[in-house]
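# Sharing a model prediction with you, sequence too.
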Amino acid sequence: MSGKRKPDLKVIIMGDFAVGKTSLVCRYIEDVFKKHDTTIGAAFFLKQWGPYNVAVWDTAGDERYTGLSQFYCRNAGAAILAYDVTNPQSFESLWARFMPLIESATENCLKVVVGTKIDLLENDKRDITVEEGRKLAQELNEGLDLSKLEGDPYFETSSKNGANVKEVFEYMFQYCLPLTGQQKQKYSSVKKDIVDLYETDSNSPRAKKACC
Amino acid sequence: MSMKAFELVPAIERGKLTSDKFKAQIESIDVCGKNLYIGTSDCFIFHYCIEERNQAGKIAFHSEKQGHKYLGLKKPIVQIKAASALNRIIVLCDNTVTLLNMFDLEPVFSGAKIKGVVNFSVNDNPIRSNPFSVEVCVALKKKQLQIYTITEDRIVHVKDLPLPEPAIITGIDEHYVCAALNTQYCMIEVETAFIQDLFPYDNENTNPMVKKVTKEEFLLSGPSALGMFVTSAGISQRPPMQWSDNLIAVSCVQPYIVAMNDEFITIHSILDQQQKQAIPFQGGVFMDDFEGRLFIASAREIYSLVPVAFEKQIEALLYDKRVAEALELAENAHKTGMTKDKFMKIYKRIQQQAGFIEFSQQHFDEAQKLFLNGEVDVREIICLYPDLMPSGSNFTRSSPPLHEIPSISILVRNNDSVMETYKSFLRSFLEDVRNTKQSVGLKQEIDVALLKLYAENNSAELIPLLVSDTSCELADCVEYLERYQRHHALALLHKYHGENEKALHIWTRLVNGEIQDKSFQGLEFVVEFLANLNDHELVWKYLDWVLEKNEEFGVQILTQRPANEVQSERLRPDAVIDYLHRFPLAVVTYLEYLVFQKKLEKEKYHTHLAVLYLDKVLSLTKNHGSKKEDVDIARCKLRHMLQMSNLYRVQLILGKTKETEMHAECAILYGKLEEHDKALRILVHKLKDFGAAENYCLVNSQGKEASYRKRLFHILLSVYLDPSYETKDNLVAPAMSLLNSNVADFDTVKVLQLLPDTWSVSLLSQFLSRSLRKSMNKSRLARIETMMARGENLHVKQTCIELQQEPVILNDDRNCGVCSRALTDPTFIRYPNSVVTHVHCAKNKYVCPVTGKLFSTRPS
Ligand SMILES: Nc1nc2c(ncn2[C@@H]2O[C@H](COP(=O)(O)OP(=O)(O)O)[C@@H](O)[C@H]2O)c(=O)[nH]1
Ligand SMILES: [Mg+2]
């Protein structure tokens, strides 16, 4: 649902059908792994990040929605490009199908490559190595200054057990809407739906990189 | 999904159109105020006047045909749009936009028109707002949009907006146009003609649609029957909406989106994008919203989709147990312009209904919150539980009913543990409610229910409930408490209702161990109760029983009575004392209470108590086994009594003590008889306690004049110096210390006469010099007093002389200062300020009756 206030950042999640995009958002927002219907078109979530509102758009991977995906990409500050680590085809789709889509829709967008369902990997049977993933991530973000961030925009996650999920989102948020350590502490100690009436407006700076 | 947000109502009575010689199909309609325009497939325009009527809560329309017009082209009327400010309707037919008079449907005189038009849209929020003009956007057959301003009879071209391909549908709001082109949607900024591509669509499977929903936000029909929200910035702020295939039209009536396909009208919430209602409707050809009202046309009928009163919608939701949705809807309902009071009343009832739904599903926290906020009548809840209502209650459930729960027993179906959870819910709910305004007037029901719940569970709260301010009635509570053997509680209930005898009956049985109850505190409790009971007959009845059980406790019933109690014959001290003779301990305690605490000054009690004390001492001393401390304590009490009181019969006590070794007591008694010589001899010779002797003199002279004290000390001195006593030499020392003592007081002359001649002056020097100083001081003081008295005497005399110096002359002219009559009597009054009055006119000799001047009351 759209609030009165425009979100400060738009984040979009793309990737092939059934790679686990919805599960990833669901794990992050609600911290559960549950059955859900196939995403139709797109779905939308709002998340509080410090003083900011972040809109997270989960798109449908289905080919027939490709036209819409580009529309939903518009003005995204960051994108998760998700592939299923047990399905090499879905990795290829990232640069073959989704990369051009993002490039055409929005500029200077942080692209985070995420390998999902890491819990399904049996020890050394992997088709895509960590290096390959990392390399793709670096290529996709050429021209962006990622020096302030820790590590490459590459993650391997499991929505089933929650591994690495929070890290993905916080990595993106921290890049687009950096918070000081002090701010992080302040907002993590307060429950997210409590409004601080004493906070002055000047304390909630506008987004550096507003999405819309 | 049985929510009923809308209802389909014929806008033009069924069959009316056909009878009005309406032959072809409806192509388009427009509604403006009461005017309804219909464009047909055979180029007719019909004008109706419709009126909405509320008949017994149901909306119905009444319509009347105003006229019709044939445009003479045999082509369908594609679009009609009334512009009431201009008194015109804008009509699109045969790719041409023309203007007709709104009432007589005649074309405008100027014949202004736009040709080659595929579709047009009107800007409801134009930037340049001249109230007598309308801004429209037209899509031309060629790759171009045009903006026009339409006035009464002119159509003025404003701007061309070139397009990459021809547009099919347009929507305009403020300065943005959203258009469906052949293969894609785009957003065009009118000012700059900047085109923002939105997304492509497949024109074979998708019927393009552009519907303005909110300010600068459009709803478009996207691929795969998705409803896509797009803002003028070209992005989406809401997730898409899923429609079914073959969409014919969409409309928006906040907060709903209504979609129509060939079979259904579906209603979706714009807030959560969920479908809320589906109404079967076949053969729909047209649907649109006009000023917030929805109209739908099939080939030959026109309907309106009227919102169902929110109460009904909520009812339906509650029926489906969709509590959260119902409450949300209710909360939003106050925006519908109801008065606050009316809203609160309805809202509360909804909360109550919702509460019962949660209650029936064992969602107790939610239920409690709703019951409290909805201020439910607690009886509605209590009466669901078997036997918890007071038996005399004539409560009937609210009608129409708030819920469908016949009773808890039926709800839980013999499941005892569920029954328990329901009971514990009620308990905590009633406890919360008990002291709030929600309990006003219902205390009895609440307390009775709580009592029953507590009794069943044997919970500790039962007793506090009955002790203070309870509204538990006797009727069925007694039976409940008996059934669960809450004896103490039962007794307390009797007590609360003034049935003290019944209460005591239960308590005696508890004390006697005939029945058991852990919450009962035992005999002390009964004693305290009796001590405060003002029914003295009843006290009397149980006194014996308590005393038999425990004398010390028993007597507290008599001694710890409330301070301001009304006296009665029953508890008259004499009667009590007579009665208590069987209980020696009790009688002493009672007499002490009368003498020391109540300070009754009756010889009888004082003597009695003294005798009892004495008996105690005697019996202790007789018994050789008794401990010295006990004897000491007993004697101490006795002495205190003898010394403190002046009312007992001294001779009687003395008769009993004389023969014993109780010298100290004898001394006190002689003192009471003023036989000081005897008393002091005992103290000096028998007890050799000189300190006590000196003290005796002080104590016995208290409150008496100095000479009495002198006499006592003199007696003591003579005892010391009594030559008849063999050990007199040994008493020289105490005699000397007495003489030199600061507290002792003597008549010096008498002392000197008493002292043996043999005593040296040096021995007595201290005493002598002190005595001398004292008498000297006395004589000087006396002289000062004499002189002062003389001075005062002189002063008075002087004043007297001064006052008598002047003569007072009375003659016929001189009248009384008060009554102004002649002074004929030989006596008269003269005030110091020379006012003269009759004797009887002088009310107060210190106040001048004429001037009010106050004269000193003492001789100056
Ligand atoms: N084991 C495992 N299964 C997952 C994970 N993420 C998603 N899935 C499953 O993958 C399927 C597709 O997930 P979904 O989130 O609907 O994919 P989407 O189409 O990309 O949104 C579902 O059956 C999920 O249960 C994961 O991390 N681990
Ligand atoms: Mg999905």
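Structure's in. What do you need? Ligands and ions are numbered 1, 2, ... in the order given.
# Only C-alpha atoms from now on, for both contacts and neighbour counts.
Will do.
# Give me the neighbour count for residue B:534.
If you count neighbours by other C-alpha atoms under 10 Å in any protein chain shown, residue B:534 ends up with 16.
# Now it. Nearest residue, chain neighbours left out?
Excluding the flanking residues, the one nearest residue B:534 by C-alpha to C-alpha, 6 or more residues apart in numbering or on different chains is residue B:565, at 7.5 Å.
# Give me the pLDDT value at the one you found.
pLDDT recorded at residue B:565 is 80.
# host element of residue B:715?
helix B:706-721 (DSSP states H and E).
# Tell me how chain B divides into domains.
B:6-308, B:806-860 (automatic domain parsing).
# Name the residue of the stretch 151-300 of chain B that lies nearest to ligand 2.
Closest residue of the stretch 151-300 of chain B to ligand 2, C-alpha to the ion: residue B:239 (12.9 Å).
# hang on, isn't that residue packed against residue B:228?
Yes. Counting by C-alpha atoms under 8 Å, residue B:239 does reach residue B:228; the two are 7.5 Å apart.
# What separation is there between residue B:519 and ligand 2?
64 Å (C-alpha to the ion, to the nearest Å).
# Repeat that for residue B:804.
Separation of residue B:804 from ligand 2 (C-alpha to the ion): 129 Å.
# Tell me the pLDDT of that residue.
On pLDDT, residue B:804 comes in at 81.
# again, but for the one 10 residues further on
Among the per-residue scores, residue B:814 holds a pLDDT of 83.
# Likewise for residue B:725?
65.
# One more: residue A:175?
If you check residue A:175, the pLDDT there is 90.
# Then residue B:3?
64.
# try residue A:197
45.
# Residue B:104 now?
Reported pLDDT for residue B:104: 91.
# what's in contact with stretch B:688-697?
For stretch B:688-697, the surrounding residues in contact (C-alpha atoms under 8 Å, 6 or more residues apart in numbering or on different chains) are B:680, B:683-684, B:709, B:712-713, B:716, B:734, B:738, B:744.
# let's see it at 6 Å
B:683-684, B:712 (C-alpha atoms under 6 Å, 6 or more residues apart in numbering or on different chains).
# so where is the stretch 201-350 of chain B shaky, pLDDT-wise?
The stretch 201-350 of chain B contains residues with pLDDT under 70 at B:333-338.
# just chain B next, same as before
B:1-3, B:20-21, B:56-57, B:333-338, B:723, B:725-729, B:857-860.
# Tell me which residue is most central in it.
The centroid of chain B falls nearest to residue B:436 when counting by C-alpha atoms, centre = their mean (6.1 Å).
# Would you point out which residue is most central in chain A?
residue A:80 (4.1 Å).
# Show me what that residue is bridged to.
When assigned by DSSP bridges, residue A:80 has beta-bridge partners residue A:13, residue A:112.
# closest one to residue B:344 among the domains of chain B?
Across those, residue B:344 has its closest neighbour in domain B:6-308 (19.8 Å, C-alpha to C-alpha).
# distance between the ends of that closest one?
5 Å (C-alpha to C-alpha, to the nearest Å).
# starting at the chain centroid, how far to that domain?
58 Å (C-alpha atoms, centre = their mean, to the nearest Å).
# looking at it, the residue of the stretch 151-300 of chain B closest to ligand 2 is touching residue A:41, isn't it?
No. Applying C-alpha atoms under 6 Å, one finds residue B:239 not in contact with residue A:41, separated by 8.0 Å.
# Of the contacts of stretch B:688-697, just say which sits nearest to ligand 1.
residue B:683 (108.7 Å; C-alpha to the nearest ligand atom).
# burial of that closest one, as a residue count?
Neighbour tally, residue B:683, other C-alpha under 10 Å: 24.
# export stretch A:79-93 as PDB, just CAs?
Output of stretch A:79-93 as PDB, limited to C-alpha atoms (Å, rounded to 0.1, in the frame of the first residue of the first chain):
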ATOM      1  CA  ALA A  79      18.400  -4.100  -7.400                       C
ATOM      2  CA  ILE A  80      18.700  -7.700  -6.200                       C
ATOM      3  CA  LEU A  81      19.500 -10.000  -9.100                       C
ATOM      4  CA  ALA A  82      18.500 -13.400  -7.700                       C
ATOM      5  CA  TYR A  83      19.400 -16.800  -9.100                       C
ATOM      6  CA  ASP A  84      18.900 -20.200  -7.800                       C
ATOM      7  CA  VAL A  85      22.300 -21.800  -6.900                       C
ATOM      8  CA  THR A  86      21.000 -25.200  -7.900                       C
ATOM      9  CA  ASN A  87      19.900 -23.900 -11.300                       C
ATOM     10  CA  PRO A  88      22.700 -22.600 -13.600                       C
ATOM     11  CA  GLN A  89      20.200 -21.500 -16.200                       C
ATOM     12  CA  SER A  90      18.800 -18.900 -13.700                       C
ATOM     13  CA  PHE A  91      22.400 -17.500 -13.300                       C
ATOM     14  CA  GLU A  92      22.700 -17.000 -17.100                       C
ATOM     15  CA  SER A  93      19.300 -15.200 -17.100                       C
END
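# That stretch and ligand 1 in contact?
No. Applying C-alpha under 6 Å from any ligand atom, one finds stretch A:79-93 separated from ligand 1 by no less than 7.8 Å.
# ok now that stretch, how far from the chain's centre?
14 Å.
# ok, and for it, which residues are buried?
A:79-87, A:90-91, A:93 (16 or more other C-alpha atoms under 10 Å in any protein chain shown).
# quick one: which of the residues you listed is nearest to ligand 2?
residue A:82 (11.3 Å).
# And what about residue B:398, helix, strand or coil?
Counting by DSSP: H, G, I helix; E, B strand; the rest coil, the backbone at residue B:398 sits in coil.
# Distance check, it against chain A.
Per C-alpha to the nearest C-alpha, to the nearest Å, residue B:398 is found 39 Å from chain A.
# re earlier: does the following helix or strand past the helix holding residue B:715 pack against any helices or strands, and if so which?
Scanning forward in sequence from helix B:706-721 by DSSP H and E, the next helix or strand is helix B:732-740. The helices and strands touching helix B:732-740, judged by 3 or more C-alpha pairs under 6 Å, 6 or more residues apart in numbering or on different chains; DSSP states H and E, number zero.
# Before I go, just wanted to say thanks for your time.
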